[in-house]
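Undergrad: Generate a structure from the sequence data that follows.
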Amino acid sequence: MTPEQVGDRLGTLLAEAEVTVGQSGGQAYARATVDVPSGSWPAAVRAARDDTELACDFFDWLSAVDELAEGFDVVAHLWSTRHRHGVLLRTRVPRDAAIVGSVVDVFPGAAWHERETHEMFGIDFAGHPGLAPLLLPPEFEGHPLRKDFVLASRVAKAWPGAKEPGESEAGTARRQAMRPPGVPAPGEWGVAAAAPVSAAPASGPPGRTRPASGPPAAPASGPPGRTRPASGPPAAPVSGPPGAPASGPPGERRRGDGPAPAVGDGGDGSDGSDGSDGGA
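TA: Numbers count the residues shown, from 1 in each chain. Down below sits the predicted model:
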């Protein structure tokens, strides 16, 4: 059935009540809308379920809309699993007497939806087995989805992006948009956070540093493990027992040894001759 046919069929079933039939938006996904008086609300839900042509046997959802001075619109969406069509049932209750009949006896699954609507809008459902708090703590006061409900957090703190006290309406720069919770800044994660901003990384293969500018230093000569000696002649080694003067090269006399022997003196009392008389 088309949405027009669904609306007309339900309007015929509820001919005794003042019914307004229409159609929602959504083009190919449009639904028939049927507005009924609050006193005919349970009967309209039952008729949409039990009629063989409509056969709306699936309860989808139920909620409300705050229309301020005009009251509250209670809305329910029903669907036919056999014929693949749906209908939006609506009824309006006054703000000062927000009460309508419960449809739990028609669709038991509506119990959760009626509890939430009662909690968020303050609408009573006559005949509901128990409208206990569902989402809010028992000590909570008020109905958050009413348009006249004052959010305490907005009294203590302005909406994100609102102007601070003293800011004029014109000539001020636009405030920076706030990031969602848990989302880091662009410089706190990813590639931008891996490399320093002030200096570019040195070129070359990974794990190697770039050498300083200038010619490379010449390596020290000699086999590995030996250091290069200082310039100049090597120092003479020290021989003998500790405290003895250092010995010099052969042919040099040491200081403190006395006068040097005469040339040709053998040291044995001879004058160095072969013992023959030179005059003989």
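
Undergrad: so who does G109 touch?
TA: Residues near G109 by CB atoms under 8 Å, 6 or more residues apart in numbering: F59. Yep, even glycine has a C-beta here, placed from its N, CA and C like the rest.

Undergrad: Find me the pLDDT at it, would you?
TA: G109 is assigned 95 on the pLDDT scale.

Undergrad: before we move on, what about the one 10 residues further on?
TA: On pLDDT, E119 comes in at 95.

Undergrad: sec struct for the closest residue to it other than its chain neighbours, please.
TA: In this structure, E119 finds its nearest non-sequential neighbour in L134, 5.5 Å apart by CB to CB, 6 or more residues apart in numbering. Assigned with DSSP: H, G, I helix; E, B strand; the rest coil, L134 falls in the coil class.

Undergrad: what sits against L134?
TA: W112, R115, E116, E119.

Undergrad: Among the residues you listed, name the buried ones.
TA: The neighbour count (16 or more other CB atoms under 10 Å) marks R115, E116, E119 as buried among the contacts of L134.

Undergrad: on that earlier part again, if we only consider the contacts of L134, which is nearest to F149?
TA: Relative to F149, the closest of those is E119; by CB to CB it sits at 12.2 Å.

Undergrad: Relative to D96, how far out is W41?
TA: 18 Å (CB to CB, to the nearest Å).

Undergrad: Among the two, which residue is more densely surrounded?
TA: W41 (23 against 6; other CB atoms under 10 Å).

Undergrad: Remind me which helix or strand that one belongs to.
TA: Using DSSP states H and E, W41 sits in helix 41-50.

Undergrad: Average pLDDT for that helix, rounded please.
TA: 96.

Undergrad: Restrict it to CA atoms and write it as CSV.
TA: Output of helix 41-50 as CSV, limited to C-alpha atoms (Å, rounded to 0.1, in the frame of the first residue of the first chain):
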residue,chain,number,x,y,z
TRP,A,41,-4.7,6.9,21.1
PRO,A,42,-4.8,3.3,22.3
ALA,A,43,-7.6,2.4,19.9
ALA,A,44,-5.7,3.8,17.0
VAL,A,45,-2.6,1.8,17.8
ARG,A,46,-4.7,-1.4,18.2
ALA,A,47,-6.6,-0.8,14.9
ALA,A,48,-3.3,-0.4,13.0
ARG,A,49,-2.1,-3.7,14.4
ASP,A,50,-5.3,-5.8,14.0
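
Undergrad: how about it: buried residues?
TA: In helix 41-50, counting by 16+ other CB under 10 Å, buried: W41, P42, A43, A44, V45, A47, A48, R49.

Undergrad: so the last one makes contact with F107?
TA: Going back to what we said before, that points to R49. Yes. R49 is within contact range of F107, at 7.4 Å (criterion: CB atoms under 8 Å).

Undergrad: circling back: out of the buried ones among the contacts of L134, which comes closest to R31?
TA: E116 (21.5 Å).

Undergrad: Surely that closest one is in a strand?
TA: No. The assignment for E116 by three-state DSSP gives helix, which leaves it out of any strand.

Undergrad: The chain should start at 570 in everything you say after this.
TA: Fine by me, first position is 570 from now on; the one you just mentioned is E685.

Undergrad: Let me see the confidence value for the nearest residue to it once chain neighbours are set aside.
TA: Setting aside the residues directly before and after it, E685 is nearest to L703 in space (CB to CB, 6+ apart), at 5.4 Å. The per-residue pLDDT reported for L703 equals 90.
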